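Asker: Show me how the following folds:
(chains A and B)
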Amino acid sequence: MWYRSASFILDNRKLRNDAVSYLESQQLSPANTASSITMPTENPDPKISLYYQTRAAHHGVVTTDWLAQAEAAVTCHSDDDPSKNSVGGGEDSEERFNVVDEFKNWRKQPDLAEAVAAIKALASVIRSTQATTMMELEIELKKAADSLKSWDTTSISLTAGCDLFMRYVTRTSALEYEDFNSAKSRLLERAEKFGELSLKARRTIAMLSQDFIFDGCTILVHGSSRVVLEVLRTAAQNRKLFRVFCTEGRPDRTGLWLSNELAKLDIPVKLLIDSAVAYSMDEVDMVFVGADGVVESGGIINMMGTYQTALVAKSMNKPVYVAAESYKFARLYPLDQKDMVPALRPIDFGVPIPSKVEVETSARDYTPPQYLTLLFTDLGVLTPSVVSDELIQLYL
Amino acid sequence: MEPRRVPRTVSDPKVRRVGFFAPPDRSQSGPPDPTSSSPPVSQISPSGNSLSPVMIPPPRNLSSDMSRHFPPAPISPIRGARGASDSSVPVGSYNPSEFISPTATADFSPGRSRKGNSAEFASSLPTGGIGMVTQNNVPASGLTTVSTVRMPKAVTEKERLAMGEVQRDQQAGDLKPLKEKMTKAERRALQEAQRAAKAAAKSEGSKTQAAASGANAVNANPVKAPKVTPSKKDSSSVAASEKRDGDRQPDKDRKKDVPHPRMQFDDENRVEKAKKRSVMKQTEARSRVELFRHLPQYEHGTRLPDLESRFFQLDPIHPAVYKVGVRYLAGDISGGNARCIAMLQAFQESIRDYSTPPEKSLVRDLTTKINGYVSFLIECRPLSISMGNAIRFLKTRINKLALNLSESEAKASILSDIDHFINEKIILADKVIVKHAVTKIRDGDVLLTYGSSSAVEMILLHAHELGKQFRVVIVDSRPKLEGQALLRRLVGQGISCTYTHINAVSYVMHEVTRVLLAASSVLSNGTVYSRVGTASVAMVAHQFRIPVLICCEAYKFHERVQLDSICSNELGDPDAIARVSGRTEINYLDGWTNSDNLQLLNLIYDATPSDYVSMIITDYGMIPPTTATNAEQDAPRCRCPSSRERRQEVRDIDLPPRPATDAEQNAPRRRCPSSRERRQEVRDIDLPPHRDYYDSNRSPSPRTRDYHKQ
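Answerer: Here you go, the predicted structure:
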């Protein structure tokens, strides 16, 4: 590996020592199967977004709060859901239970995006349906999708994935001309393809973004996006020489996970605390973030802190790149930060907080489009303003 | 991925031509050049058959008008004055192409044109109210340009025929100046001239009669002294209409697909022309602000009585349409939706009463009728963009009628189409907008609105019904004070309101959390064209970082691009701002309105740049202003060629119905950062969006390849 400067090496060494030692006990490689994680089956605490619970599980960064909750959950709900782990075997009585459980099963795979898990769960609804007409199937699907969506209203990609799937099913004109079974199998086929799309989309995005990463550049990453990781990994494989600044990503400590992953790839990486973004921005050549959801204005909803990072980058004229798959495009249009479904998440301050003190527990913020430079999606490299074009095309 | 794209016929590569050129084919819809008036005379090639390479494109539809202006060249040298009279003509800024006629009239005799003399006359046509002296040969004062041309003595026979009339007219003491413009395709002009001559000769007898009746009609107007000009105009137009019935049909059809340039009211020639066609006698306002001379402005107050007095003479105008027109003129109907619905309902009425004349086809005759109505309505008040879209919709529907339909079936289908339009595009659309917008209103919000908009009012009322706790700030402005009506209704419903004038908007803005505004139209660069004052409110809100929500039905979207509010606007009654009713002590401007030094500007609309707009709420959902183009699903010309394609691609990628997905992803498409912005600009200049070029580059169709080989 080529090192740009002595400090580069120093950074690197320090980081490795830090990160590895820090995470040694807790790290969880994404290659591991999901079975090693104990997950709360129900949402034990309505204040915590399920979305973030899953993320925490996937990333293996376990906070004390989370541990406590997980333990509580395991003791409370002895009926463990891994009991049904066969994918296609959902021939159960109640559709509603079936689809949510199915979804949870799928979601345990760390590499599988939520939307894709939802699609797969919905596909299994089709597989196990007892409906005899398309209309019945459609209604059943709709119910299943609604129950999925209402199960976790905070997850944007889950909602978007369900919507896309539903739209796909209801808009297939070919279905009307065929007999029910072949129509069903066609739907299944499509669902499978949609599932493959997830990994493929990441590859596409990684390929697209290669041209933007140049040798010797410094990339600031906020949040722990699997797409961004893929981008960086591909860049490293392409023998690009760059270094990465990871923000810590409190309270999820997503940066720790990401820096750990990057360190494994031999990418020089440096951890920053979240408040050091402005301090180090002058060294940074570009900012890379993922997205929980891409909204209609072209802005993104992402982990808390993205907005301020983008603001700082904008004021220093650094490009802000967003890597997001197209199934994260959601028909939302937040006008400001509070104009969203709040996703809450516990914050571990390490010390007891007096009850009179209010804690902001929102997990994500909205970055308006004017602070973003480009979006790397599997549809291509888009400016923020094209996003709503694409959305209208998708949904109309 | 390539085969999926719609094959593009690139057989005639589009070359963007800059400057003067002669379009080879008149039906091609190139950019008409409405404003450039007359090229230097010398540049016009004398023979009509060959167009000079450097030439302004001939107007597409000059034929039908030509005949009207055909008559008579005065024998003596005449001074034509351009810019002599400000008389304006009631053709609105938003004209469907049919009744616009190209500005230039050509009056040729072969001999003359061969000599290369082109005369440009602006007739100092007596327009009634101006009090301009028209009885001598001296051009009216205040000319900006005067081109003096000596007419050739050689007058062709047909001209002599027509001249008989002229001389009669002149005996009446009126000078009949002749207007002429040489920018036309002369060959066509020649044909027209010959035809007109024939027609004139044929209808010599009947013409005098017609002329007499025409004169009577005009003279019935008590205000005006009897003048011969109108009679002549009428007579010639009678001839014109006679001929039009016969051999002109193809020309008329051709006109339809040509986008029509907007009427510029500072172009004397066109104004004169339009004036001849106008139903109503109108007086133009005296002192107009220089920057806005291209917009029509009339003496308010004179037109309504005039129109009323002429009710029984406006033969071709259906009473329902007449009624609506008068109400437009009187200001009884205002607001985009109300005007549009009133117009459509009047059309429905007239279509109900319509019966196809013998030996005519319903499609064509009805379209002509509608055109007539529309031009009448334009004279009453310039069309709004939404009305233009509705008219376009109606005409498309008429044109698409199956030929084998019986008359009653055809009428029924049109009537139900109009009903659907009103229901779906306006009424239902409003409901959907309300549904969307209400989701953006939270408890504790302070909503600011400007003026009075039906959509905003519905939103506020609905949110109130849902039990949301919010407060409304209504900002209003003189002279219309529409906000008061809204205020009254809202307060009546128990909504707590604050009422203020726009002067205080910067003060009141700090407590506001959302700004809800309506739009007369949303243009394709996201510019919001709305009641004057909206831009200021949006700008202040933007400065305070308060989200600005624009509520606009999708049928009001238009593909035009406008960067300022000067090019296209509407002028209101200047007296309205000069005078405050009920307060005599502050009427400092009494009697000053005629002063040459005083120019009053009462603009009706302004353009809000898309930067100030956070969101546009349409019936298609909430969209950012940058996407306005794609929301206009129905306007046929609005769609850029690429958008459908793109939709296709997107559908394929995201929902992989076909195995092609793989290929699609291996060859990902990249969009250059500024592509969208550029596309928008480009659209403005009428060049096909650059994707055209882009695509043909990437996927040359077989035909293109051949083309290149050759």
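
Asker: Find the nearest non-adjacent residue to residue A:133, please.
Answerer: Of all residues not flanking residue A:133 in the chain, residue A:180 sits nearest, at 6.6 Å (CB to CB, 6 or more residues apart in numbering or on different chains). The C-beta positions use only the backbone N, C-alpha and C, and glycine is treated the same way.

Asker: Quick check: phi and psi on the residue lying closest to residue B:477 once chain neighbours are set aside?
Answerer: Leaving aside its chain neighbours, residue B:477 sits nearest to residue B:502 (4.4 Å; criterion: CB to CB, 6+ apart). Backbone torsions of residue B:502, given as degrees, to the nearest 10, read phi -70, psi -20.

Asker: how close does residue A:257 sit to residue A:376?
Answerer: From residue A:257 across to residue A:376, the span is 21 Å (CB to CB, to the nearest Å).

Asker: Equivalent analysis for residue A:351, please.
Answerer: Residue A:351 sits 40 Å away from residue A:376, taking CB to CB as the criterion.

Asker: Can you show me the strands along chain A?
Answerer: Secondary structure of chain A (DSSP state E): strands at A:217-222, A:242-247, A:269-272, A:286-289, A:293-294, A:300-303, A:320-323, A:364-367, A:374-377, A:380-382.

Asker: of those, which approaches chain B most closely?
Answerer: With CB to the nearest CB, the closest approach to chain B among the strands of chain A belongs to strand A:380-382: 4.0 Å.

Asker: same for that closest one, what does it pack against?
Answerer: Strand A:380-382 sits against helix A:180-209, strand A:374-377, with contacts defined as 3 or more CB pairs under 8 Å, 6 or more residues apart in numbering or on different chains; DSSP states H and E.

Asker: least reliable of the ones you listed going by mean pLDDT?
Answerer: Considering the helices and strands packed on strand A:380-382 one by one, the lowest average pLDDT is found for helix A:180-209, at a mean of 79.

Asker: and residue A:108, how many residues sit next to it?
Answerer: Here the count is done by other CB atoms under 10 Å in any protein chain shown, and residue A:108 has 20 residues near it.

Asker: ok, so what distance separates it from chain B?
Answerer: As judged by CB to the nearest CB, to the nearest Å, residue A:108 and chain B stand 25 Å apart.

Asker: before we move on, the earlier item: read off the pLDDT value for the residue nearest to residue B:477.
Answerer: Among the per-residue scores, residue B:502 holds a pLDDT of 93.

Asker: got it, and residue B:589?
Answerer: The predicted local confidence for residue B:589 comes out at a pLDDT of 74.

Asker: Report the spatially nearest residue to it, omitting neighbours in sequence.
Answerer: Once its chain neighbours are removed from consideration, residue B:589 has its nearest residue in residue B:578; the separation is 4.3 Å (CB to CB, 6+ apart).

Asker: pretty sure that neighbour is touching residue B:591, no?
Answerer: No. With contacts counted by CB atoms under 8 Å, residue B:578 stays clear of residue B:591, the gap being 10.2 Å.

Asker: Could you check which of those two is surrounded by more residues?
Answerer: residue B:578 (17 against 8).

Asker: Give me the more crowded residue out of residue A:351 and residue A:376.
Answerer: In this comparison of residue A:351 against residue A:376, neighbours counted by other CB under 10 Å, the higher total goes to residue A:376 at 27 against 6.

Asker: Make sure residue B:511 is actually in contact with residue B:446.
Answerer: Yes. Counting by CB under 8 Å, residue B:511 does reach residue B:446; the two are 5.5 Å apart.
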